[in-house]
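*Asks:* Next come a sequence and a model predicted from it.
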Amino acid sequence: MADGTIPAQYHRRHGANPQEYALSTSSNTGKRAAPDSSDLPESPALLEHFYREMLRIRVFERFSEQAYRAGLAGGYLHVYSGMEATAIGWLSCIEKHDPVITAYRDHGHALYLGCDATACMAEIMGRSGGLSRGKGGSMHLYSAEHNFYGGWGIVGGHTALGVGLAFGTKYQGSDAVTHCFFGDGAANAGVLFEVMNMASLWDLPVIFIIENNEFAMGTRLEYHAAETELHKRAEGFGMEHERIDGMDVLEVRQHARRIIDRVRKTSRPYFLEIMNYRFAGHGAADNDQSLYRTPEELERAKKRDPILLLENHMRKNNVMTDEKMEAIQAEVEEEMEKVYADAAASPKPDPEEVYTDVYTDMLPEKGH
Amino acid sequence: MATLTYREALRQGLIEEIERDESVFLMGEDIGRYQGTFRVTQGLFEQFRQKRVLDTPISEPGIVGIAIGAAMVGCRPVVEMMTMSFSILAMDQIINHAAKIHYMSGGQFKVPLVIRGPGGAANQLSAQHSHSLEGWYAHVPGLKVVAPSTTEDVYGMIKTAIRDDNPVIFTENPGLYGIKGEIPTDQSFTVPFGKAAVRKEGTDISLIGYSRMAHVCMEVAEELDKDGIDAEVIDVRSLLPLDTETIYNSVKKTNRALVMYEDWRSGGFGAEIVARIQEDCFDYLDAPVGRIGGLNVPMPYARNLELLCIPNKEVGLAKAREVLG
């Protein structure tokens, strides 16, 4: 609606409007007061880094959607546009040996963790130059080199693996913290509740990070969750929890530092709900967003575009000129144009590749 | 050689692997303080403590998922399913996750995970606790599936399973836990996957089975022997990978085959073996390949009805005579 409220046909049950949360400037209704990001002593170089990295994801995703429309990518493709501040703010605070795992909306995490953008795009295009040599696809990006454990397509299923990563590193005596991202839709999967219990029971150093973009595919939060403050679910497992804003990269970073440090020191799990918003449809094949949201709602969300917020912050603090921003934008455009072209030029996988990597030590039987 | 029960031989294999490799640990419901529902892990909690023998909540998908994650960072978890019937709850983790990781990551990650436990009918456990699911799992590329039938094999194959870098489904028929047999005292002994065992050589008919049905095949062979019929008995042992060479060599020699399995007859793994024999050995066959499976019904509780469902010597013998013509 023009006044910014959720239209009645989409929002029937709750007095509290969860969207107000992601769209508001004062965001933290969780346990702690949010720090004011304008007071952060972040260096101009770091701000420039965030700006460039958010743009890289945004532009990469534009090209990945282009690849889909051009028939260079198939299957399911879910872009991260609008949610960049969450992955970047958070992952800017992790240690190199910390495992990271997420669901199928994985391009942003992979890129920021340092995966080669061309290898990511080539994977999305099903090419031999892809991270998994074309055998995973958009939903299944992995990089052992970057401790990035995927890239998973069964909603909620990977949360168990995330707890397992934390179990494994703790078993081995490492101080690693596992960062397990998933969506508000996955927060309803049964296995999550099982592993929340075990994570708390066994003091596992895992941070559950719900990226609440307010939609489980096309089903709005109020229609899929009995309690729309999803973080409260941790209460029953004796786990610390809170909800934070995910649109301001500096604010995410501030919270991330505090929470990651706490989990590393205590080896206690943490259950976090980060409110953000998906600017794109659920997937590339989601061609009728009017089924679940209005153009006005989207328009309003875009007023808190994480890239825009950072631009405003940098302008206000005289960190970066508009000319410099435009120059960075041009550089990122140029980089991603090349990424797209190089990925498209990567050869298709060799037919014999169909049989490799089924097992570590043997080939499956061949033939139909 | 030492004489042990199947249960003890399995336990001995687990002990040796826990002692050999720090990354090996056991997890499962009631395996520690309670000593394991079928007592396979008896004494291990006291011996190795909680780090290596971990009691879990009753959360099969969560347990398997956690084991997969731990395996991905280099641990070698051995998960006990209190019964394989409960592994149905964890199928998403086993099939959608464990079996796919190596492939989807282009070989970047591996999952050295063993899921073991009793599979098949025991004694009046009725419809929800008597499943033979090895055929379902052997359908899935990315898994390995074994079903040892002897003390020596269960001892040697559990060690192979734990050392394997791929997810392994290790199924133990509960009717076998009490059988006795010898195991080698040499701790370096292992039994490789993908090798069937010829339990009895013969020339007139090949009786092919795995797990407890390998024993029933032996009983059928003994009966046939009384009639002067010399049956060969093949214990398949490893379903995936499957040693078709040993099976085919036998069939090419005897020209007749009967496959026995406890799983539901329709669509069970024995049907796969039958299909392969007719596909690849057709010219050697003197009769259609015989097949005996479990009755296509949920497992009933009443003992007499339960016994009707599980293939035995009598039905095997009748079918063998039919194949022999």
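*Replies:* Received, thanks.

*Asks:* Can you tell me how far residue B:133 is from chain A?
*Replies:* When distance is defined by Cβ to the nearest Cβ, to the nearest Å, residue B:133 is 19 Å away from chain A. From N, CA and C alone the C-beta is placed, and that goes for glycine too.

*Asks:* Tell me how many other residues crowd that residue.
*Replies:* Residue B:133 is flanked by 21 other residues according to other Cβ atoms under 10 Å in any protein chain shown.

*Asks:* how about it, what does it touch?
*Replies:* B:84-85, B:87-88, B:119, B:171, B:263 (Cβ atoms under 8 Å, 6 or more residues apart in numbering or on different chains).

*Asks:* Type out the PyMOL command that picks the buried ones from these.
*Replies:* Selection command for PyMOL covering only the buried members of these, criterion 16 or more other Cβ atoms under 10 Å in any protein chain shown:
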select buried, chain B and resi 84+85+87+119+171+263
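
*Asks:* Rebuild the contacts of residue B:133 as JSON lines, extending it with secondary structure and distance to residue A:55.
*Replies:* As requested, the contacts of residue B:133 are arranged in JSON lines below (DSSP: H, G, I helix; E, B strand; the rest coil; distance: Cβ to Cβ, whole Å):
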{"residue": "B:84", "secondary structure": "helix", "distance to residue A:55": "52"}
{"residue": "B:85", "secondary structure": "helix", "distance to residue A:55": "53"}
{"residue": "B:87", "secondary structure": "helix", "distance to residue A:55": "47"}
{"residue": "B:88", "secondary structure": "helix", "distance to residue A:55": "47"}
{"residue": "B:119", "secondary structure": "coil", "distance to residue A:55": "54"}
{"residue": "B:171", "secondary structure": "strand", "distance to residue A:55": "53"}
{"residue": "B:263", "secondary structure": "strand", "distance to residue A:55": "57"}
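
*Asks:* In three-state terms, label residue 166 for me.
*Replies:* This is for chain A. Of the three states, residue A:166 takes helix under DSSP: H, G, I helix; E, B strand; the rest coil.

*Asks:* tell me the pLDDT at the spatially most central residue of chain B?
*Replies:* Nearest to the mean C-alpha position of chain B, by Cα atoms, centre = their mean, lies residue B:147 at 1.6 Å. Looking at residue B:147, its pLDDT reads 98.

*Asks:* And the pLDDT for the residue nearest to it when sequence neighbours are not counted?
*Replies:* Closest residue to residue B:147 apart from its sequence neighbours, by Cβ to Cβ, 6 or more residues apart in numbering or on different chains: residue B:211 at 4.0 Å. Note on residue B:211: pLDDT of 98.

*Asks:* Can you give me the neighbour number for residue B:211?
*Replies:* For residue B:211, using other Cβ under 10 Å, the count is 28.

*Asks:* sorry, back to before: please convert the contacts of residue B:133 to JSON lines, extending it with distance to residue B:278.
*Replies:* Converted to JSON lines, these look like this (distance: Cβ to Cβ, whole Å):
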{"residue": "B:84", "distance to residue B:278": "29"}
{"residue": "B:85", "distance to residue B:278": "31"}
{"residue": "B:87", "distance to residue B:278": "31"}
{"residue": "B:88", "distance to residue B:278": "31"}
{"residue": "B:119", "distance to residue B:278": "27"}
{"residue": "B:171", "distance to residue B:278": "26"}
{"residue": "B:263", "distance to residue B:278": "19"}
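
*Asks:* filter the contacts of residue B:133 down to the ones near chain A?
*Replies:* Among the contacts of residue B:133, no residue sits close to chain A (Cβ under 8 Å from any Cβ of the partner chain).

*Asks:* follow-up on the earlier one: for the residue nearest to the centre of chain B, what are its contacts?
*Replies:* Applying Cβ under 8 Å, 6+ apart, the residues near residue B:147 are B:119, B:134, B:171-173, B:210-211, B:236-239.

*Asks:* Please report how far it lies from residue A:256.
*Replies:* 48 Å (Cβ to Cβ, to the nearest Å).

*Asks:* How about residue A:67?
*Replies:* Applying Cβ to Cβ to residue A:67 and residue A:256 gives a distance of 31 Å.

*Asks:* likewise residue A:83?
*Replies:* From residue A:83 to residue A:256 the distance is 15 Å (Cβ to Cβ).

*Asks:* do the same with residue A:329
*Replies:* From residue A:329 to residue A:256 the distance is 26 Å (Cβ to Cβ).

*Asks:* more crowded one of the two?
*Replies:* Taking other Cβ under 10 Å, residue A:329 and residue A:256 do not tie; residue A:256 has more neighbours (23 against 16).

*Asks:* in which helix or strand would I find the closest residue to the more buried one other than its chain neighbours?
*Replies:* Residue nearest to residue A:256 in three dimensions, not counting chain neighbours: residue A:93, with 4.0 Å by Cβ to Cβ, 6+ apart. Under DSSP states H and E, no helix or strand contains residue A:93.

*Asks:* Hmm, residue A:257 and residue A:93 touching each other?
*Replies:* Yes: the pair residue A:93 and residue A:257 passes the contact test of Cβ atoms under 8 Å, sitting 5.0 Å apart.

*Asks:* which of these two has more neighbours?
*Replies:* Taking other Cβ under 10 Å, residue A:93 and residue A:257 do not tie; residue A:93 has more neighbours (18 against 15).
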